[in-house]
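> Sequence below, structure please.
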Amino acid sequence: MRFGLLFSLVCVSGACACTIPVFRYALDRWEADKFHLVLPASAAQDTALQDALRPLRANGKANLDITTSRDVAVTKAELRNSRESSQIVWSGDLDKASIAALLDSPARRKIVESILAGDSFIWVIADNGSPQDVVEVERIEKRLKFLEQVAALPIQDPNDPDSQLGPGPPLRLKFTTLRLRRDDPAEKVLFKMLAGPKGEIDPASTSFAAPVFGKGRVLGAWPLALLDDATLEDASMFLVGRCGCRIKNDNPGWDLLLNVDWEKALLAAGHVTGAVVETGKPAVLAPKTPEVVAIMPEAVPSDNRGGGSSLMGALGALILGLLVLWGLKSRRT
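Next up is the predicted model:
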């Protein structure tokens, strides 16, 4: 089944008049799904570990919940896609270093910076640098540049209550790629999450690409050998097209674990201009400099000074005279 046909069948009954493109609707309205960190029972006695986890439990920024297993057979911590998921993203001993690696990575920071800069989506490409992969990556980047030139955002109606944008960067059309090496140890957790909860792609042996949008939402993942121009176009045009379904879980995709306070980050992005994102480089966010404007009262010309008070005096005298004449006339009659 063609990718475009698949999306044409998604949530037909939930079609709406919203003109916001999918990537921005997701950023404005879809909360990131929580990952589930399961601790072994022995972790309850580890004071240092509990101190390290306390900031995550008390209003932590990451889309993560933490529980302790009652099963004594569980001796390692496990990161799962959700409470209901049996797919393990990571397993091992927890300490400050491993917690930091689970929550964040250089590539994830670049993804967040691109999203907050207003990029429509980021195609993350994980390859091994082989000649064949280089050819595929160049083809993908060339095709995306072409699609960016011919694509157009849906026309926005500022008076439509269903199409109001939330806080965040200005709405714009920008396609970005982020190329990573599959053997990068700092991105091992990210690759596992990008590949998807079903584990259909093995990042250790397969070069693949996945578009990320919204609050770290992954639309899908494709081996480079199977990501032809038609599929690349269908996925990209779906994300910049008008949102046809408001319900997140009725749309394809899955989420990444990101250590971001999206509410504060989007408010800050709304006051940022000149955001520039290049492949492999962080966004440069230049804050607006407030402009101070002094409002001074108009100066009164020297030759008219006192003119206003003289006029008022003359009007008062005229009114008083009329009242006196009216009173005399009344006495005579």
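> Phi, psi for the residue nearest to residue 33 when sequence neighbours are not counted please.
By the measure of Cβ to Cβ, 6 or more residues apart in numbering, the closest residue to residue 33 outside its immediate chain neighbours is residue 255, 4.4 Å from it. For the C-beta atoms, the positions are set from N, CA and C on the backbone; glycine is no exception. Dihedral pair for residue 255: phi -110, psi 160, per degrees, to the nearest 10.
> Residue 255: how many residues sit nearby?
When neighbours are counted by other Cβ atoms under 10 Å, residue 255 registers 23.
> for residue 233, same thing?
Considering only other Cβ under 10 Å, residue 233 is surrounded by 18 other residues.
> wait, what's in contact with it?
By Cβ atoms under 8 Å, 6 or more residues apart in numbering, the contact list for residue 233 reads 143, 147.
> Helix, strand, or coil at it?
Secondary structure, DSSP: H, G, I helix; E, B strand; the rest coil: residue 233 is helix.
> any idea where the helices of this protein begin and end?
3-8, 22-29, 47-57, 96-103, 106-116, 131-150, 188-195, 229-240, 262-269, 307-332 (DSSP state H).
> Report the mean per-residue pLDDT for the last one.
Read it as helix 307-332. Mean pLDDT, computed over helix 307-332, is 49.
> One more: the shortest one?
Taken as a whole, helix 3-8 has an average pLDDT of 46.
> before we move on, what about the second one?
Mean pLDDT, computed over helix 22-29, is 94.
> ok, so what distance separates the residue nearest to residue 37 when sequence neighbours are not counted from residue 216?
In this structure, residue 37 finds its nearest non-sequential neighbour in residue 66, 4.7 Å apart by Cβ to Cβ, 6+ apart. Using Cβ to Cβ, to the nearest Å, we find residue 66 at a distance of 19 Å from residue 216.
> quick one on the thing from earlier: nearest to residue 85 among the helices of the chain would be which one?
Set against residue 85 and scored by Cβ to Cβ, the helices of the chain come closest in helix 188-195, at 11.7 Å.
> More neighbours: residue 66 and residue 216, which one.
The residue with more neighbours, out of residue 66 and residue 216, is residue 216; 23 against 15, by other Cβ under 10 Å.
> and the nearest residue to the more buried one once chain neighbours are set aside, what is it in contact with?
Using Cβ to Cβ, 6+ apart and skipping residues adjacent in sequence, the residue nearest residue 216 is residue 256, 4.0 Å away. Residues near residue 256 by Cβ under 8 Å, 6+ apart: 32, 108, 111, 190, 193-194, 212, 216-218.
> So which of the residues you listed is the closest to residue 130?
Nearest member of the contacts of residue 256 to residue 130, counting by Cβ to Cβ, is residue 194, at 19.2 Å.
> ok, the closest residue to that closest one other than its chain neighbours to residue 46 distance?
What sits nearest to residue 194 in space, not counting adjacent residues and going by Cβ to Cβ, 6+ apart, is residue 210, at 4.6 Å. In this view, residue 210 and residue 46 are 35 Å apart by Cβ to Cβ.
> Tell me which of these two has more neighbours.
Ranked by neighbour count (other Cβ under 10 Å), residue 210 and residue 46 place residue 210 first, with 25 against 15.
> Give me the neighbour count for residue 252.
14.
> can you map out the strands along the stretch 151-300 of the chain?
Assigned by DSSP state E, counting those that start in this stretch, the strands in the stretch 151-300 of the chain fall at 175-181, 208-213, 217-218, 222-223, 254-255, 272-278, 281-287.
> any idea how far the fourth one is from the chain center?
Meaning strand 222-223. 24 Å (Cα atoms, centre = their mean, to the nearest Å).
> partners of that strand, with directions?
strand 208-213 (antiparallel) (DSSP bridges).
> The third one too?
According to DSSP bridges, the neighbouring strands of strand 217-218, each with its direction, are strand 208-213 (antiparallel), strand 254-255 (antiparallel).
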